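# Kindly generate the corresponding structure for this input.
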Amino acid sequence: MQHEIERKYLECERMGIFLVLMMAGGFMGSYTYLLRGGVFCNAQTSNILLFGLALGEGNWGRAAYLLIPISAYLAGSVGSEILPVYVRKAEILRWDTLLLLIEMLVLIFLGLLPERAPVQISQVAINFICSMQYNTFRQAQGIPMATTFCTNHLRQTGIYIAKWIRKKDPKAPRRTLRHAEMIGMFVAGAFIGTLCCRLFSGRAIWGAALLIGFAFFDLLRADLTKEKGKLYQKPAGH
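Reported below is the predicted structural model:
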């Protein structure tokens, strides 16, 4: 099984990478909620809902303000579709690797901001990088995954439990476990993030940078060694 994984999947598709990124996602969610305005920047469902509510209430200023994080998330999606084309042509590093370096540098910068800095700086920056991460890391060893929020993992866990019970699907136990692991890592990231926020305040975000750093150096090693001849290859799902 291990040999099959090594042969079939790129390093950026490994389950271990996704688990680390999911933990970082939970960490960033706790950070923005506790220290940066009481919001979750990992996804945009709540902001779009609030945008609609603001329009319905005629609160045009609030609606305009909510377009900022929504636009940042949209820009992250657009960027993560366009930039990989140029990175792939250069054949120096994979886009996935470069993205994690960008994320790490952004989080280090956010940790250097003074506590009096506007919370919107952190919110928009994390909106942007979470969008790029979500759009870039799509499948872990053939299983569609998200690395910044849990809703789909909860849904997929329920689906595969049902398939396990009703149809005795041989893939169901493994996939149920995989999605449950992702939820667990998100919760673990939020738990650790909460403790770090209490201890280190704004610099707590460096904990998420450290997690992403582990994934970055693993992908960098693969790009420079065993996958040097595969820099042109797209991960599954792209």
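# Tell me who's in contact with Ala24.
Contact partners of Ala24, counting by C-beta atoms under 8 Å, 6 or more residues apart in numbering, are 147, 189, 208, 211-212, 215. Heads up, the C-betas are built off the backbone N, CA and C, glycines and all.
# repeat that for 10 Å
100, 103-104, 107, 130, 133, 147-148, 185-186, 189, 193, 207-215 (C-beta atoms under 10 Å, 6 or more residues apart in numbering).
# List the buried residues of the helix or strand containing it.
In the assignment (DSSP states H and E), Ala24 maps to helix 15-35. Going by neighbour count (16 or more other C-beta atoms under 10 Å), the buried part of helix 15-35 is 15, 17-35.
# same question, stretch 227-238
The neighbour-count check on stretch 227-238 (16+ other C-beta under 10 Å) flags 227, 231, 235-236 as buried.
# now stretch 58-78
For stretch 58-78, the neighbour count (16+ other C-beta under 10 Å) marks 63, 66, 69, 72-73, 76 as buried.
# Kindly report the same for stretch 86-105.
87-88, 93-104.
# before we move on, what about stretch 148-165?
Going by 16+ other C-beta under 10 Å, stretch 148-165 has these buried residues: 148-150, 153, 156-157, 160-161, 163-164.
# which helices and strands does the host helix or strand of Val85 pack with?
Following DSSP H and E, the helix or strand that holds Val85 is helix 60-90. Judged by 3 or more C-beta pairs under 10 Å, 6 or more residues apart in numbering; DSSP states H and E, helix 60-90 is in contact with helix 45-56, helix 95-112, helix 119-136.
# Tell me which of those is the most buried.
Stretch with highest mean neighbour count among these: helix 119-136 (a mean of 23; mean count of other C-beta atoms under 10 Å).
# for it, packing partners?
helix 15-35, helix 60-90, helix 95-112, helix 206-224.
# These: which one's closest to Ala54?
Nearest to Ala54 among those is helix 60-90 (3.9 Å), distances taken as C-beta to C-beta.
# Show me how far the closest one is from its chain's centre.
14 Å (C-alpha atoms, centre = their mean, to the nearest Å).
# quick one, that helix and helix 95-112 angle?
In terms of direction (axes from the mean of the first three to the mean of the last three C-alpha atoms, to 10 degrees), helix 60-90 departs from helix 95-112 by 140 degrees.
# pLDDT averaged over helix 60-90 - what is it?
Helix 60-90 comes out with an average pLDDT of 93.
# Quick one: low-confidence residue ranges for the chain.
The model of the chain has pLDDT under 70 over residues 1-7.
# how about a cut-off of 50?
1-6 (pLDDT under 50).
# three-state assignment of the residue of it most remote from its centre?
The C-alpha centroid of the chain is most remote from Gly58, which lies 33.5 Å away (C-alpha atoms, centre = their mean). The local conformation at Gly58, judged by DSSP: H, G, I helix; E, B strand; the rest coil, is coil.
# Over to Asn42?
coil.
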